[in-house]
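S.K.: Sharing a sequence plus its predicted fold:
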Amino acid sequence: MALDEALLDGYVATAESAPTLRLYSWSCPALSFGRNQTSDGHWSPTYLRREGIDLVRRPTGGLAVLHEHERTYSVTGSLGRAPFSDGVVATYGRIADALVDAMRRLDIDAVRSSRAPRGAGAGEASCFAALSTHEIRAGSRKLIGSAQARRRGAFLQHGSIPLELDAERLDRALGREPGGDGGFIDLRRANPAAADPAKVDRALLAAFTEAFDVVLEPSELSPDEELRATRLRCWKYDSAEWTIHGRLGARER
């Protein structure tokens, strides 16, 4: 999360850079809260500690996500310039179309939701319990959860592509009794052959290349990006105040 925000800050400082697509997984499971989500009553410290699940907070909005067996995508860039020159809604739409294409390359009949946002029920804490416009679904079930942050002409959009998501494990991490199947679908249920991280990466790279008519060039983190990420981890993402309460005080932008 600190690295995603560090990349966002880089686009605030330098609007001339090409957009960045980042794909990653998690070295250990983590429950993440959205930037403005209350954590009160929405997590079980005992269960997380026992199961070795970290607790983090995203720089983007939305509800809680259990990151475990998944591929996470991240897109950062400048709004108002190609290929994201048409504003926030269009940016969501263009990225959603690329994600749909990636899923279809994995033989999953995914579509971009065009319905008005359907909010989660009262007291709901899980991102995958709600389906909104431009989110990716297979049938009536949410398949990919995404969230966005914008900062002085730059944007970050990242999201969870679950290879396998256990509804009972998610419920217990959220501090509630298990019940039902969560209302979502993962890649393994949509198409067992698709739940392979390498296949998912290849599909995503091909889809983004075609959707944005670009050549994707591998790159390493710059020294400035590494330094920004380290600073963010030290004063923000390692802070219990930020993780649990979503606040830091005067230093937060």
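M.R.: Nice, I can see it. Numbers count the residues shown, from 1 in each chain.
S.K.: Give me the pLDDT for the spatially most central residue of the chain.
M.R.: A centroid search over the chain (Cα atoms, centre = their mean) returns Gly159, at 2.1 Å, as the residue closest to the centre. Listed pLDDT for Gly159 reads 94.
S.K.: Next one: it from Lys199, what distance?
M.R.: 18 Å (Cβ to Cβ, to the nearest Å). C-betas here are computed from N, CA, C, even on glycine.
S.K.: Which residue or residues pair with the residue nearest to the centre of the chain through a beta bridge?
M.R.: Residues in a beta bridge with Gly159, per DSSP bridges, are Tyr73, Ser146.
S.K.: going forward can the numbers begin at 31, since that is how I track them
M.R.: In the new count, where the first residue is 31, that last one comes out as Gly189.
S.K.: OK, contacts around it?
M.R.: Contacts were defined as Cβ atoms under 8 Å, 6 or more residues apart in numbering; by that measure Gly189 touches Thr102, Tyr103, Leu129, Ile174, Gly175, Ser176, Ala177.
S.K.: Could you rerun that using 6 Å?
M.R.: Tyr103, Ile174, Gly175, Ser176 (Cβ atoms under 6 Å, 6 or more residues apart in numbering).
S.K.: from these, which is closest to Gly205?
M.R.: Closest approach to Gly205 among the contacts of Gly189 (Cβ to Cβ): Gly175, at 19.5 Å.
S.K.: Give me the neighbour count for the closest one.
M.R.: For Gly175, the count of nearby residues is 25 (other Cβ atoms under 10 Å).
S.K.: Same check on Thr239?
M.R.: 14.
S.K.: element containing it?
M.R.: helix 227-242 (DSSP states H and E).
S.K.: what does the next helix or strand along the chain from that helix contact?
M.R.: Per DSSP H and E, the first helix or strand lying C-terminal to helix 227-242 is helix 253-262. Residues from elsewhere that reach helix 253-262 (Cβ under 6 Å, 6+ apart): Ala32, Leu33, Glu35, Ala36, Asp39, Gly40.
S.K.: go again using 10 Å as the cut-off
M.R.: Residues outside helix 253-262 that contact it (Cβ atoms under 10 Å, 6 or more residues apart in numbering) are 31-40, 43-44, 50, 89, 249-252, 267-268.
S.K.: Filter the residues you listed down to just the ones in strands.
M.R.: Among the contacts of helix 253-262, DSSP state E puts Thr50 in strands.
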